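Peer 1: Got a sequence here, can you model it:
(chains A and B)
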Number of protein chains: 2
Amino acid sequence: MRITALAGGVGGARFLRGLLHHLSGRSDGPHTLTIIGNTGDDITLFGLRVCPDIDTLLYTLGGGVHEGQGWGRADETFAVQGELKAYGASPQWFGLGDRDFGTHIVRSQWLAQGHTLSEVTARLAQRWGLPEQGVTLLPMTDVPVETHVVLEEDGEQRAVHFQEWWVRMQAAVPAQRFVVAGLDRAAAAPGVLDAIRNADVVLLPPSNPVVSIGIVLGVPGVRDALRGTAAPVVGVSPLIGGAPVRGHADACLSAIGVESTTAAVAGLYSDFLDGWLVDDADAASMQAPGTSRGLRVEAMPLLMRDLEHAARIAGGAFDLALGLRRD
Amino acid sequence: MRITALAGGVGGARFLRGLLHHLSGRSDGPHTLTIIGNTGDDITLFGLRVCPDIDTLLYTLGGGVHEGQGWGRADETFAVQGELKAYGASPQWFGLGDRDFGTHIVRSQWLAQGHTLSEVTARLAQRWGLPEQGVTLLPMTDVPVETHVVLEEDGEQRAVHFQEWWVRMQAAVPAQRFVVAGLDRAAAAPGVLDAIRNADVVLLPPSNPVVSIGIVLGVPGVRDALRGTAAPVVGVSPLIGGAPVRGHADACLSAIGVESTTAAVAGLYSDFLDGWLVDDADAASMQAPGTSRGLRVEAMPLLMRDLEHAARIAGGAFDLALGLRRD
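Peer 2: The predicted structure follows:
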C-alpha cells in the first residue's frame, strides 16, 4: 500500500518512525511511505543551508537522532560552534553540533554544485537507510522559502526569521502573523503532487498545524491534490486536552486567529480531511454539533511516550484510514 | 622598526613566532611585523574556502596550533569529517578537524557576504590576538588563485590541485611543472606593496622557495617592490645540508629545474637579496666562486627544534639585516 504523509519535525518524525515500526509488524505489506517534508522553516546559518524538519526526519528515521530532545544528533559535540563564537560570528542562539554541521556542509556543497534540494535530500536519505525501509523523503518544494514572523514590540512591528522567534524567543513574544516569503510561487517538488494523488492512504502526523502542515498546504497544488485524491486523508490531532504536547502550536494557532482546540485544528483541514484521530481527552469536544460533518472521528491516548506508543497511535491512524477505504 | 616578511606555512610560521619572541626580548623596540602570506595553495573543499598557509600563520602566532604537526589546531576532534565520509562526500584525503572547520566556515560566510580575503583575514587575526602583538597579516592577494601541478603518469599528462599532490600523493609523483591559475593578473592585496617599499627590514623565512615564497614573488609588483625597497632583504635558507627540514622543497625545486642547494635557492632571489642566512652545514658551499656577488652570507645552526631555537635564528636574520642597514 502506498502511504503518503505530510510532516514537520519532531512530532511528525516520531509518529512516522512509529508508523514504520507498526507496518513492519503487519502481515498485509509491503507498504511504502512517501514523506513530504516541510521546508518552510529552513534557514541559512553561517552560509550553510539548514533544513530543520528534513534533518529531524532523516536523523529520527535513520537512527541518529538525539532521543531526549527529539532533534539534532546523538553523541553530539560542539567544537565548531565554539569556534564560531570565538570568531564573533552570529547568530549564537541556534545550537548546531559538529555532526549536524556535517549534514549542513554537504547539503550546501551539493546545492552549490547545482543539485536540487530533492536530489540532495535523496542522497542524504541514502546514508540514513531510508530507501531500505521503503521510505521516500521529499522536500515540499525545491525553491527556498523562508517563514518570517511579524512581531509587535513597543507599538512597532518588525519581522524576524521563524527560527529566531521559535528558538531564541521560544515563541514568547506574540506573533502578529506569519509571512512565508516565496511560498505562493514555490512549485511543489517533483513527485509531491503525484504522491498525494496516487496514494492509497494519506496521513497527517501530529505536526504543527500552522507552521508545519499549514506551510506544506500552502505550496501551490498540494491542497487541491488533497481535495482530489481518492485516498482517505486521516489526521492525528497535535493537541491533547487542547494543549500542544511540545512546541508552541498554541502560539501559532493564536497568531492565525484559531482556537487551540482539536476541533478548530480539524477545521483547518475540513476541505479534505476524512478521518481525525484525537486524544481521549478531546473526544467529547469533537462531538459538539457541527464539528464533524462527515468526518470520522476516533479517540485513543495520543501521548507518544516512546516508540511503542507512537507505533500504536500510527497503527490507529492507519486502521482508521483502511476502514474509510473499505466504506 | 617596520619589519615585513613573506611567508608560507609551517616553516614560515615557526620562524615568525620565533622572531616575535626574539623582538619581545630586545630593548630597541617597538617593532611591527607585517606578514605577506602565500595564498597560492588555497583550496575550496566541501564548498568552504581553505587557506592553509594563512591558517597556519594564525594558529601558530595565536597559540592555537597543533605543535607536533605544525599545522591545524591543538586538541582537535574530527566529527564533521566523519559525517562527510558517511555521506560519501569527497575528498577524504585532506584532513580537516572540527575546530579548523570553524575557521573555514566563518571565512566562507564572510567572503560570501562580500568581504575581501584581506578583510576576512584581519577579522580572523583579531580573534588570534595578532594586532596586540604588533602583527598585521596580509594575504598576498584578494584574488583567488590556485596552484595546479602537472604530472606525467604512463606517458600522459594530467594536472591536480597542489594540495592533492602535496597531501594525498606526498609529492611522490614527480611534478613536471606548476601552473598557478590567475597569478599573473592577481593584484597584490591592499598594503602588500607598500609594506615592502616602506619597510625598514624585509625577511624571507625558511619557507618553500618554489610553492610558498616563489608564488608570492609571482604576484605582479611584489618582485619589483623587493628590488626597489631601500630596506635590506634577508633570507633564511630552507635547506640544511641541501635537504629540506620538512615538506617537499627538493621535489619542488626539481620541478622548476633548480638544484637542491642553498646556493641555488639564493640564486632564485638574486635580483633583490642582500643577506642570506645559511646553516653551518651549507656555509662552505656558499663560498664557491660566483655564488655570492655582493650577497652577505652568514652561517648558524638553522634547525628550529623549538621556540628558543627559532628565536635565535630569527634574531640572527634580524641582526644580519641591521648590519646591512648600517653599512
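Peer 1: How about residues contacting the top helix by length along chain A?
Peer 2: In chain A, assigned by DSSP state H, the helix with the most residues is helix A:307-326. With contacts defined as Cβ atoms under 8 Å, 6 or more residues apart in numbering or on different chains, helix A:307-326 is touched by A:3, A:14-19, A:21-23, A:25, A:200-203, A:231-232, A:234-236, A:274-275, A:277, A:296, A:298, A:300-304. The way it works is simple: take the backbone N, C-alpha and C, and place the C-beta from them, glycine included.
Peer 1: Please check these and keep the buried ones.
Peer 2: Among the contacts of helix A:307-326, those buried by neighbour count (16 or more other Cβ atoms under 10 Å in any protein chain shown) are A:3, A:14-19, A:21-23, A:200-203, A:231-232, A:234-236, A:274-275, A:277, A:296, A:298, A:300, A:302, A:304.
Peer 1: distance between the longest helix of chain A and the chain's centre?
Peer 2: Centroid separation for helix A:307-326 versus its chain: 18 Å, with Cα atoms, centre = their mean, to the nearest Å.
Peer 1: could you give the mean pLDDT of that helix?
Peer 2: Average pLDDT, helix A:307-326: 96.
Peer 1: Just the buried residues of that helix, please?
Peer 2: Burial within helix A:307-326, assessed by neighbour count using 16+ other Cβ under 10 Å, is assigned to A:310-322, A:324.
Peer 1: With distance to A:Phe46 added, can I get the residues you listed in JSON lines?
Peer 2: Putting the buried residues of helix A:307-326 into JSON lines (distance: Cβ to Cβ, whole Å) gives the following:
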{"residue": "A:Ala310", "distance to A:Phe46": "33"}
{"residue": "A:Ala311", "distance to A:Phe46": "37"}
{"residue": "A:Arg312", "distance to A:Phe46": "41"}
{"residue": "A:Ile313", "distance to A:Phe46": "37"}
{"residue": "A:Ala314", "distance to A:Phe46": "36"}
{"residue": "A:Gly315", "distance to A:Phe46": "41"}
{"residue": "A:Gly316", "distance to A:Phe46": "42"}
{"residue": "A:Ala317", "distance to A:Phe46": "38"}
{"residue": "A:Phe318", "distance to A:Phe46": "40"}
{"residue": "A:Asp319", "distance to A:Phe46": "45"}
{"residue": "A:Leu320", "distance to A:Phe46": "44"}
{"residue": "A:Ala321", "distance to A:Phe46": "42"}
{"residue": "A:Leu322", "distance to A:Phe46": "46"}
{"residue": "A:Leu324", "distance to A:Phe46": "46"}
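Peer 1: And the strands in chain A?
Peer 2: For chain A, the strands defined by DSSP state E cover A:2-7, A:32-37, A:43-45, A:48-50, A:135-139, A:146-153, A:156-161, A:175-181, A:201-204, A:233-236, A:239-240, A:243-244, A:275-278, A:296-299.
Peer 1: Turn those strands into a markdown table, including mean pLDDT.
Peer 2: As requested, these are arranged in a markdown table below (pLDDT from 0 to 100):
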| stretch | mean pLDDT |
| --- | --- |
| strand A:2-7 | 98 |
| strand A:32-37 | 98 |
| strand A:43-45 | 96 |
| strand A:48-50 | 97 |
| strand A:135-139 | 98 |
| strand A:146-153 | 93 |
| strand A:156-161 | 94 |
| strand A:175-181 | 94 |
| strand A:201-204 | 98 |
| strand A:233-236 | 98 |
| strand A:239-240 | 95 |
| strand A:243-244 | 90 |
| strand A:275-278 | 97 |
| strand A:296-299 | 96 |
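Peer 1: at contact distance from chain B, anything in stretch A:41-53?
Peer 2: Yes: judged by Cβ under 8 Å from any Cβ of the partner chain, stretch A:41-53 and chain B are in contact via A:46-48.
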